[in-house]
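>>> 3D model of this:
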Amino acid sequence: MKTGLILFISFFALSFAPSQQKTVFLCDNGTTEVYHLDKDCSALRRCTHGVIPLSLPEAKEKGLRACGLED
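Numbers count the residues shown, from 1 in each chain. As a prediction, the model looks like this:
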């Protein structure tokens, strides 16, 4: 009974934990090396291709770095 209660409380607490899946954005030009935290970043607005939303872990996995204008 105690184990079930502990599992229930743990599940309930984790369901309200902040998500680590922050969305970042990148220019779909095929050569980009950076991701942007803000879709309205001035550098990203100059993109003449499409803009792709991506999770932050995926962007880092692709070897992308953060845009220097947003630091």
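>>> list the contacts for the nearest residue to residue 47 once chain neighbours are set aside?
Nearest residue to residue 47 in three dimensions, chain neighbours excluded: residue 27, at 3.6 Å (Cβ to Cβ, 6 or more residues apart in numbering). (Each C-beta comes from the backbone N, C-alpha and C, glycine too.) Neighbour list for residue 27: 44, 47, 49, 50, 51, 52 [criterion: Cβ atoms under 8 Å, 6 or more residues apart in numbering].
>>> what is the burial count for the nearest residue to residue 53 once chain neighbours are set aside?
With Cβ to Cβ, 6+ apart as the criterion, residue 53 has its nearest non-adjacent residue at 5.2 Å, and that residue is residue 23. Residue 23 has 14 neighbours, counted by other Cβ atoms under 10 Å.
>>> specify the beta-bridge partners of residue 23.
residue 55 (DSSP bridges).
>>> let's have the chain start at 597 instead
Will do, 597 is the new start, and the previous item becomes residue 619.
>>> show me where the chain has its helices.
598-611, 638-641, 652-657 (DSSP state H).
>>> out of the ones you listed, name the one with the poorest average pLDDT.
Out of those, helix 598-611 stands lowest, with a mean of 49 (criterion: mean pLDDT).
>>> fine by me, we can end here.
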